[in-house]
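Peer 1: build me a model:
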Amino acid sequence: MKSIEFVVLENLIHNDEYSRRVIPFLKSDYFHSKQEKVLFESIRDFVLQYNSLPTKEAISINLDKNKSITEDEYKGISDILDSLEKKETLPDQKWLLKETENFCKDKAVYNAIMESIHIIDGKSASKTENAIPHILSDALSVSFDTHIGHDYIEDSDERFEFYHRVEQKVPFDLDFLNTITGGGTTPKTLNIIMAGTGVGKSLFMCHHAASCLSQNLNVLYITCEMAEERIAERIDANLMDITMDDLKDLPKQIYDSKLNTKTAGITGKLIIKEYPTATANANHFRILLDELAMKKKFKPDIIFIDYLNICASARLKSGGNINTYQYVKSIAEELRGLAVEYNVPLWSATQTNRAGFSSTDVSLEDTSESFGLPATADFMIALIATEELDEQNQVLVKQLKNRYNTTVVNRKFILGINRAKMKLYDVKKDQQAGLSQSNQSGTSTLGSGFDGESFDEKFKTSKEKFSEWKV
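Peer 2: Residues are numbered from 1 along each chain as shown. Here you go, the predicted structure:
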């Protein structure tokens with residue numbers, strides 16, 4: 001009876017369509033026999049180099065040049081090669097691909113388990129037990145991705161469904177932020193708060209984290225700046241609607257009563273994890289996520305990282321020939337990749353540069369250290385504080401980049417801020433006066449492109465808009 005390894009090798013050398021589809025997913029480690037492993041590597045290298053299937057003679061010549069195999073191994077490989085016969089009728093392609101995918105999955109899991117045992121026994125010089133969850137996760141995610149692009153004409157039905165699909169959102173408890181994002185942030189996105197020191201970056205993230213928890217979402221808050229207890233203290237103040245000073249004087253009995261009242265019925269969880277400044281990178285966060293999944297069955301719906309510039313890069317080493325533009329851009333790309341991998345919205349923050357710190361109209365060029373950050377982010381807003389706004393307990397919010405919506409409407413708006421209670425709140429529309437350049441009105445026009453029509457006239461209901469269209 002032929003083994004699956006034999007069937008795979010036989011079709012790799014004689015089945016052109018199969019070979020091209022599976023070689024990108026096959027690894028030599030999946031073949032545990034050295035003879036089969038060397039034979040696979042020889043076939044794969046030939047296909048990748050010459051873009052065609054090798055003949056048995058070509059493989060034999062290549063094996064003659066291989067100095068890493070013994071004479072007995074060479075004979076064993078030659079025997080396998082001779083037995084790989086070309087069939088007149090090829091096996092069913094779907095069945096063959098499915099069986100090959102199962103073969104790859106089984107071998108990947110087996111290899112991961114063996115490597116984990118190797119690590120546990122202390123025989124690995126480069127990996128610790130913290131790497132085991134990631135190793136197992138990679139093995140379990142092995143699959144053949146057969147999607148090779150969107151066909152504009154043939155895939156029009158799928159595209160139409162995409163246009164009308166209700167997108168998953170994590171909403172805010174602030175009306176203007178819901179308006180500019182179309183109802184909240186979506187998974188697989190990097191969202192950035194930019195502000196000067198002390199303006200309210202962490203306050204914003206703590207407020208939104210508390211809001212998400214109240215919506216029964218699982219929240220992961222990673223802090224590289226403040227202690228875990230300091231973040232929890234801010235969220236306590238927000239949820240309990242009590243000042244930070246009063247929170248410290250609160251008797252234990254009243255504290256427990258308030259906390260139980262505010263969290264009653266909440267099914268979500270909030271996990272806060274602290275890392276030393278400038279030491280943790282996306283790989284550390286992956287290990288944390290895997291451990292939370294295994295030990296607490298916790299999968300976050302949203303992640304906060306406070307904050308991006310004091311994380312480390314997993315790819316680049318700080319210093320040397322690496323400038324801040326490359327380094328911070330690398331961190332931003334890695335965190336966005338983390339959001340994509342775990343299918344969550346990810347929030348972080350960045351500082352303004354020296355010019356932006358004293359500016360009342362912050363722009364993208366005021367981003368500290370690297371313009372590569374706004375280039376990578378999906379959504380970016382600035383928090384701006386002035387003496388006048390501070391006196392009125394308000395903060396100005398300015399859209400800098402928005403992949404959810406246009407930045408033309410509601411470019412700037414005011415939010416109320418209670419720094420003592422770590423809360424943000426909506427203010428009345430009449431308090432948005434003076435921001436006319438932001439097109440706050442829902443009936444504002446957007447320039448000559450509208451041919452003089454008002455917003456309401458131009459954007460009617462779907463039924464009104466398309467009633468005169470001929471089908």
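Peer 1: drop to CA atoms for contacts and neighbour counts, all remaining ones
Peer 2: Fine.
Peer 1: part of a helix, is residue 8?
Peer 2: Yes - the assignment for residue 8 by DSSP: H, G, I helix; E, B strand; the rest coil puts it in a helix.
Peer 1: which residues does the closest residue to it other than its chain neighbours contact?
Peer 2: Distances taken as Cα to Cα, 6 or more residues apart in numbering place residue 100 nearest to residue 8, at 7.0 Å, with adjacent residues excluded. Counting by Cα atoms under 8 Å, 6 or more residues apart in numbering, residue 100 makes contact with 4, 8, 22.
Peer 1: could these be laid out in a markdown table, adding pLDDT and distance to residue 72?
Peer 2: Shown next, in a markdown table, are those (pLDDT from 0 to 100; distance: Cα to Cα, whole Å):
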| residue | pLDDT | distance to residue 72 |
| --- | --- | --- |
| 4 | 89 | 23 |
| 8 | 91 | 23 |
| 22 | 89 | 29 |
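Peer 1: since we're on residue 317, how many residues are nearby?
Peer 2: The local packing of residue 317 (other Cα atoms under 10 Å) involves 11 other residues.
Peer 1: same check on residue 275?
Peer 2: For residue 275, the count of nearby residues is 18 (other Cα under 10 Å).
Peer 1: go ahead and confirm it touches residue 224.
Peer 2: Yes - using Cα atoms under 8 Å, residue 275 is in contact with residue 224, at 5.0 Å.
Peer 1: quick one: residue 34 from residue 116, how far?
Peer 2: Residue 34 sits at a distance of 22 Å from residue 116 (criterion: Cα to Cα, to the nearest Å).
Peer 1: neighbour count for these two, which is higher?
Peer 2: Set residue 34 next to residue 116 and count neighbours by other Cα under 10 Å: residue 116 wins out with 21 against 15.
Peer 1: list the contacts of that one.
Peer 2: Contact analysis of residue 116 by Cα under 8 Å, 6+ apart lists 129, 132, 135.
Peer 1: now with 10 Å?
Peer 2: By Cα atoms under 10 Å, 6 or more residues apart in numbering, residue 116 lies in contact with 110, 122, 124, 127, 128, 129, 131, 132, 133, 135, 136.
Peer 1: helices - which of these land there?
Peer 2: Judged by DSSP state H, the contacts of residue 116 include 110, 132, 133, 135, 136 as members of helices.
Peer 1: using a markdown table, lay out those together with distance to residue 56.
Peer 2: Listed next are these as a markdown table, based on distance: Cα to Cα, whole Å:
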| residue | distance to residue 56 |
| --- | --- |
| 110 | 31 |
| 132 | 40 |
| 133 | 41 |
| 135 | 36 |
| 136 | 37 |
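Peer 1: for the stretch 1-150 of the chain, give me the ranges with low pLDDT.
Peer 2: Residue ranges of the stretch 1-150 of the chain with pLDDT under 70: 1, 145-148.
Peer 1: can you give me the helices in it?
Peer 2: Assigned by DSSP state H, counting those that start in this stretch, the stretch 1-150 of the chain shows helices spanning 4-14, 16-22, 34-50, 56-64, 71-83, 93-120, 132-140.
Peer 1: most packed of the ones you listed?
Peer 2: helix 4-14 (a mean of 19; mean count of other Cα atoms under 10 Å).
Peer 1: send me that helix as PDB with only the CA atoms.
Peer 2: Listed in PDB are the C-alpha atoms of helix 4-14, where the atom choice follows Å, rounded to 0.1, in the frame of the first residue of the first chain:
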ATOM      1  CA  ILE A   4       0.700   9.600   1.300                       C
ATOM      2  CA  GLU A   5       4.300  10.700   1.100                       C
ATOM      3  CA  PHE A   6       4.900   8.400  -1.900                       C
ATOM      4  CA  VAL A   7       1.700   9.700  -3.600                       C
ATOM      5  CA  VAL A   8       2.800  13.300  -3.000                       C
ATOM      6  CA  LEU A   9       6.200  12.700  -4.500                       C
ATOM      7  CA  GLU A  10       4.800  10.800  -7.500                       C
ATOM      8  CA  ASN A  11       2.500  13.600  -8.400                       C
ATOM      9  CA  LEU A  12       5.100  16.300  -7.800                       C
ATOM     10  CA  ILE A  13       7.200  14.800 -10.600                       C
ATOM     11  CA  HIS A  14       4.400  13.800 -13.000                       C
END
